[in-house]
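Colleague: any chance you could fold what I've pasted below:
(one chain, ligands or ions: 2)
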Amino acid sequence: MNDTNEVLCVGIDLGTSRSSVSVSNGERHMVDSYVGWPVDTVARKLVRKPVLVGREALDNRPMLDLRRPLEHGVIKEGSEKDEAAVHELLRHLVSLAGVKQKNKNRPKVRAVVGVPAEALRVSKQHLRDAMKGIADSLMIVSEPFAVAYGLEALLHTMIIDIGAGTTDFCVVSGHYPNEHDQRTLTNAGDSIDEQLARLIRERHPEAQFSIHMVREWKEKWSFVGAPKNRVLVTVPVGGKPTEIDITDEMHSACESILPPISETMIDLLSRVEPEYQERVRNNIMLAGGSSLIFGLAESLQRALSEVGGGRVSVVEDPVFAGSDGGLAIARDAANSDWEKLSF
Ligand SMILES: Nc1ncnc2c1ncn2[C@@H]1O[C@H](COP(=O)(O)OP(=O)(O)OP(=O)(O)O)[C@@H](O)[C@H]1O
Ligand SMILES: [Mg+2]
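Modeller: Numbers count the residues shown, from 1 in each chain. Ligands and ions are numbered 1, 2, ... in the order given. You can find the predicted model right below:
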């Protein structure tokens, strides 16, 4: 692997809550998009590392200046710490794949990084800076397009990537998508978590919980449509573990993303050339962690009935669909497609 001329292709899905990497050497990894630095000498002594990334950072959060460097799908600007955090996150992802950073003989790294469509407009330069020293050549693509490419769903398809910070839409019609084929909404996993926390707080003002607990409850019991079972969780109330019923709150919070997603889906469909609209309607694929909300694909499919019906399905591997797609693009890309990164 350390032959000087070897080229390693890397696909990265840079996400608000999770990021994944797929590499041509067969490695695939997912990390939580958190980076933390020990806050003081005591913390440094305890964690014994200059910087922690992923689950390790999350688990040690009381000792860390913890950053989640992407918000609403774009790299937070203006804060050196957040910019450094993006760099550390990317470096960690690539090093998980076994690529040594300071080795002169390391293979040339060609990286395709998928970001929300909106981020393409605003944070391309930040991303280039963050990738310096990590990759030799870079391509930045929209996340749903990477998903479509990986699935070879490149003709008359709509991908809806429902992540944490954003929901990204892309209609793919046999060529690189342009601005009109793509949309980004901030109605996604994070907005559900915030609403769920607010609704529970309103109904149970005495209950103590954190946003991390709310996210875990959602990941276990999220649903849209009719509830199958009551959702019961145990939280401290005045220090005493107490069971509360959050079924109605879970229902309202999860359903809150349905109207904006249906509306954007139908609006994008109406802009497809008329002779292809039916094919796209029957080829809508959901990706991203929030596509796992129980009943979501069925509800969106029902929304299509007002425009003639269609089919909505969830991709097979929502966690790696983006990075696998990035890797597929990296493998196929022509030399002229790449930007060279100078160090
Ligand atoms: N089983 C599940 N049910 C509901 N939501 C889930 C489930 N698993 C993960 N999620 C949610 O999916 C989101 C993470 O998805 P994903 O990894 O696609 O997002 P991301 O790529 O980090 O975000 P973005 O694409 O917006 O930058 C989080 O909000 C998480 O809580
Ligand atoms: Mg994502």
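Colleague: could you say which helix or strand holds Glu263?
Modeller: Assigned by DSSP states H and E, Glu263 falls within helix 258-270.
Colleague: mean confidence score for that helix?
Modeller: Helix 258-270 carries an average pLDDT of 97.
Colleague: next: stretch 226-245.
Modeller: The average of the pLDDT scores along stretch 226-245 is 95.
Colleague: one step back: counting contacts, what elements does the helix holding Glu263 pack onto?
Modeller: The helices and strands touching helix 258-270, judged by 3 or more CB pairs under 8 Å, 6 or more residues apart in numbering; DSSP states H and E, are strand 155-162, strand 167-173, strand 182-185, helix 277-281, helix 296-303. C-beta: built from backbone N, CA, C; applies to glycine.
Colleague: need these in JSON lines (columns: mean pLDDT).
Modeller: Formatted as JSON lines, the helices and strands packed on helix 258-270 follow (pLDDT from 0 to 100):
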{"stretch": "strand 155-162", "mean pLDDT": "96"}
{"stretch": "strand 167-173", "mean pLDDT": "94"}
{"stretch": "strand 182-185", "mean pLDDT": "91"}
{"stretch": "helix 277-281", "mean pLDDT": "96"}
{"stretch": "helix 296-303", "mean pLDDT": "97"}
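Colleague: mind checking these for the one nearest to ligand 2?
Modeller: strand 155-162 (5.7 Å; CB to the ion).
Colleague: from the stretch 51-200 of the chain, which residue is nearest to ligand 2?
Modeller: Gly163 (3.5 Å).
Colleague: isn't Val312 up against Gln301?
Modeller: Yes: using CB atoms under 8 Å, Val312 is in contact with Gln301, at 4.2 Å.
Colleague: what's near enough to touch Gly326?
Modeller: With contacts taken as CB atoms under 8 Å, 6 or more residues apart in numbering, Gly326 has the following neighbours: 10-13, 22, 111-114, 141, 146, 150.
Colleague: same thing with Arg331?
Modeller: Arg331 makes contact with 9, 24 under the criterion CB under 8 Å, 6+ apart.
Colleague: if I look at it, how far off is ligand 2?
Modeller: Look at Arg331 and ligand 2: by CB to the ion, to the nearest Å, they are 21 Å apart.
Colleague: what's the answer for Ile244, then?
Modeller: 31 Å.
Colleague: and the nearest residue to Val172 once chain neighbours are set aside, its phi and psi?
Modeller: Computed as CB to CB, 6 or more residues apart in numbering, the closest residue to Val172 that is not its neighbour in sequence is Ala148, at 4.4 Å. Per-residue torsions, Ala148: phi -60, psi -40 (degrees, to the nearest 10).
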